[in-house]
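Trainee: Next input, structure requested:
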Amino acid sequence: MQLTDMGFRRSGEHIYRPWCEGCGECKSVRVPLAGFKVSKSQKRVLNRNKDLHVSFELPSSSEEIYSLYANYINQRHSDGDMYPPSLEQFKDFLCHSPPSSNTWFVSFRLEQKLLAVAVVDILPKGVSAIYTFFDPAYEARSLGRLAVLWQIHWAQSKGMEFVYLGYWVKDCQKMAYKAEYQPLQVFDDLIWQQLIVP
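Mentor: Residues are numbered from 1 along each chain as shown. Next comes the predicted model:
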């Protein structure tokens with residue numbers, strides 16, 4: 001938890017913070033839950049998904065879960081470093097974690113069909129959002145945004161302080177959604193600062 005508060009992230013069994021000489025664009029961000037307010041568009045996302053069942057499950061590389069992940073990577077991230085997907089890479093990235101990590105798969109289902117999985121670490125003061133993958137065929141449901149909203153509401157219900165959303169790069173379109181959760185704090189110059197969105 002102390003490393004998370006210092007801007008570090010977890011990937012599999014590794015704890016890291018990116019460092020590139022001459023570049024400091026990767027910023028760790030978190031949502032302070034006491035001040036979070038749901039926007040009108042976020043309320044619409046929640047309303048669209050009232051029919052989903054949400055459950056905590058132990059990390060698993062079952063055929064159901066891995067198939068959802070592989071389909072997501074193939075359709076949404078074929079230009080990324082996780083393409084092509086492999087079962088070994090999936091296990092290393094999302095199923096293996098340090099012994100001290102309290103890691104869970106949060107599953108979102110429509111009746112019996114698995115639509116999305118949010119991989120989270122439950123920390124003493126909050127939730128760390130490790131990764132989310134979902135069925136691109138249900139794009140209209142905004143399942144990625146739903147997963148973040150669900151984590152925020154769940155953490156609030158437990159009296160927690162933060163949801164950690166990982167790294168954010170100001171000019172990266174794929175990370176722009178993180179600025180939608182306000183207020184948002186950025187770890188910069190060794191302190192957490194309020195992100196001001198134009």
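Trainee: can you dump the C-alpha coordinates of stretch 127-144 into PDB?
Mentor: C-alpha atoms of stretch 127-144 as PDB (Å, rounded to 0.1, in the frame of the first residue of the first chain):
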ATOM      1  CA  VAL A 127      -9.000  -0.300  -4.500                       C
ATOM      2  CA  SER A 128      -6.300  -0.500  -7.100                       C
ATOM      3  CA  ALA A 129      -7.700  -1.100 -10.600                       C
ATOM      4  CA  ILE A 130      -5.200  -3.400 -12.200                       C
ATOM      5  CA  TYR A 131      -6.900  -4.100 -15.500                       C
ATOM      6  CA  THR A 132     -10.400  -4.400 -17.100                       C
ATOM      7  CA  PHE A 133     -11.400  -6.400 -20.200                       C
ATOM      8  CA  PHE A 134     -14.800  -6.900 -21.700                       C
ATOM      9  CA  ASP A 135     -16.800  -8.100 -24.700                       C
ATOM     10  CA  PRO A 136     -16.500  -5.400 -27.400                       C
ATOM     11  CA  ALA A 137     -19.800  -6.600 -28.900                       C
ATOM     12  CA  TYR A 138     -21.500  -4.800 -25.900                       C
ATOM     13  CA  GLU A 139     -19.800  -1.400 -26.600                       C
ATOM     14  CA  ALA A 140     -23.100   0.500 -26.000                       C
ATOM     15  CA  ARG A 141     -23.000  -0.500 -22.400                       C
ATOM     16  CA  SER A 142     -19.700   1.300 -21.700                       C
ATOM     17  CA  LEU A 143     -18.400  -1.600 -19.700                       C
ATOM     18  CA  GLY A 144     -15.000  -0.100 -19.000                       C
END
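Trainee: Quick check: buried residues in it?
Mentor: Neighbour-count burial for stretch 127-144, counted by 16 or more other Cβ atoms under 10 Å, picks out 127-130, 132-135, 138, 141-144. For glycine as for every other residue, the C-beta is placed from the backbone atoms N, C-alpha and C.
Trainee: Just name the closest of those residues to residue 192, please.
Mentor: Minimum distance to residue 192 across the buried residues of stretch 127-144 is 14.6 Å, recorded for residue 128 (Cβ to Cβ).
Trainee: The closest one pairs with what?
Mentor: With DSSP bridges as the criterion, residue 128 is bridged to residue 121, residue 164.
Trainee: Listing request: residues of the protein with sub-threshold pLDDT.
Mentor: 1-3, 6-8, 14-24, 196-198 (pLDDT under 70).
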